[in-house]
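[1] Quick check, what structure comes out for this input:
(one chain, ligands or ions: 1)
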Amino acid sequence: MKLYDCAIIGGGPAGLNAALVLGRARRSVVLFDDNKARNAVTLESHGFITRDGIKPEEFRRLAHTDMSKYPSVQLVRTKVVDMVKRGHSLFLIQTSAGDIFQARTIILAIGLKEKLPSITGITDYYGTSLFSCPYCDGWELRDKALAVISENESHRYSMVSTVYNWSKDLIVCTNGVGTFDGQQRAKLLSRGVRIFEQPIAALKGKNNRLQKIVFADGTEVARIGGFVTSNWYLPIRFAEKLGCQLNASGGLAIDDYGKTTVDHVYSAGDAATISPAQLIVAAAGGSKAAMSVNAALNHMDF
Ligand SMILES: Cc1cc2nc3c(=O)[nH]c(=O)nc-3n(C[C@H](O)[C@H](O)[C@H](O)COP(=O)(O)OP(=O)(O)OC[C@H]3O[C@@H](n4cnc5c(N)ncnc54)[C@H](O)[C@@H]3O)c2cc1C
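    Next up is the predicted model:
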């Protein structure tokens, strides 16, 4: 069975950039991806210099074209379901198809998954009218009638104050979960931000474009978009099974060069960083992790 220098799990910007750097370093790489990117719901991605406004699938197509110049990089479009470490630096990786691959090092670039506020139909608008990152999508929503929808008491006030930078026509909806303290409430009202603490019954719109929020008490407020705060989780558990520790935000703990707490296991992108979650940050993390992997392999082999 072939022994790869590195197996990268996840083909988003983090994993793709790691594969590019390792391919250019003449390393044999297998990149696994089951194509369930976090931003697949969006029409355009913003804030990546030279790629501002690019469609997520076009970003990946261009990345695959770049990678294809390096014959030692192999893309396997399938899900990794398990992984075990044998000895000092041998990993056995199992795919959902039942195939086993071997690698000397691992980069976990698996991204993260989100749990949106519990409102029926919210996914119809997530990525088209509702977003999670004002730096990614605030510009397109500037000066529009917006809502912050957040069931998260510790994050929603800061989300409101951030979104206020892009639009002053702002309401905040708790969907019936938690409240604001007196100081926050006074500040929000002084800024003209209306507070809706009753549950949301429905989001209404056309063609995935939000038009209004309907509350359980019958109140209706016209809104064309906004931002949500989500809960999130790592999509796989095998990182923890390998013994990788988590950081304070619940992502994989890494050092400045992408190394996890387990020898020869690295991580990059949203899975480790959690926030800020951006394509360019993920890609930079992938690049750093790849250089660390190459340095470790050089150290073992030289
Ligand atoms: C609605 C929305 C809009 C956004 N807009 C922007 C924007 O405009 N600009 C911006 O910079 N950022 C934006 N982001 C954030 C951006 O999408 C993420 O920061 C970025 O995708 C993280 O890259 P990543 O490589 O870490 O993870 P991902 O892009 O999520 O890629 C992870 C990949 O790993 C694969 N994977 C996971 N587990 C396995 C496994 N077990 N086996 C095989 N494959 C696996 C997944 O299928 C996926 O393809 C947005 C996010 C959302 C949710």
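[2] Mind listing the residues bridging to residue 265?
    Residue 265 has these beta-bridge partners by DSSP bridges: residue 106.
[3] and it, how many neighbours does it have?
    Counted with other Cβ atoms under 10 Å, the neighbours of residue 265 add up to 24. All C-beta atoms are positioned from the backbone trio N, CA, C, and that covers glycine.
[4] Enumerate every residue touching it.
    85, 105-106, 108, 239, 242, 244, 259 (Cβ atoms under 8 Å, 6 or more residues apart in numbering).
[5] per-residue pLDDT, the residue in the stretch 201-302 of the chain positioned nearest to the ligand?
    Closest contact between the stretch 201-302 of the chain and the ligand, by Cβ to the nearest ligand atom, is at residue 269 (2.2 Å). As predicted, residue 269 sits at a pLDDT of 97.
[6] Please report the distance of it from residue 40.
    Applying Cβ to Cβ, to the nearest Å, the value for residue 269 to residue 40 is 15 Å.
[7] Check residue 179 too.
    Separation of residue 179 from residue 40 (Cβ to Cβ) stands at 34 Å.
[8] Residue 269 and residue 40: who's more crowded?
    Ranked by neighbour count (other Cβ under 10 Å), residue 269 and residue 40 place residue 269 first, with 35 against 12.
[9] pretty sure the residue of the stretch 201-302 of the chain closest to the ligand is touching residue 14, no?
    Yes: using Cβ atoms under 8 Å, residue 269 is in contact with residue 14, at 2.8 Å.
[10] So for these two, which residues contact both of them?
    Taking Cβ under 8 Å, 6+ apart as the contact rule, residue 269 and residue 14 both touch 109, 111, 282, 285-286.
[11] Scan those and report the most crowded one.
    Top of these by neighbour count (other Cβ under 10 Å): residue 109, with 32 neighbours.
[12] what residues are up against that one?
    8-12, 14-15, 18, 267-269, 271, 282, 285-286, 289.
[13] So which of those residues is the closest to residue 250?
    Closest approach to residue 250 among the contacts of residue 109 (Cβ to Cβ): residue 271, at 10.2 Å.
[14] doesn't residue 233 make contact with the closest one?
    No: using Cβ under 8 Å, residue 271 makes no contact with residue 233, being 10.5 Å away.
[15] The two: which is more packed in?
    Using other Cβ under 10 Å, the more surrounded residue of residue 271 and residue 233 is residue 271, with 27 against 11.
[16] residues in contact with that one?
    Per Cβ under 8 Å, 6+ apart, neighbours of residue 271: 10, 14, 108-112, 234, 239, 251-252.
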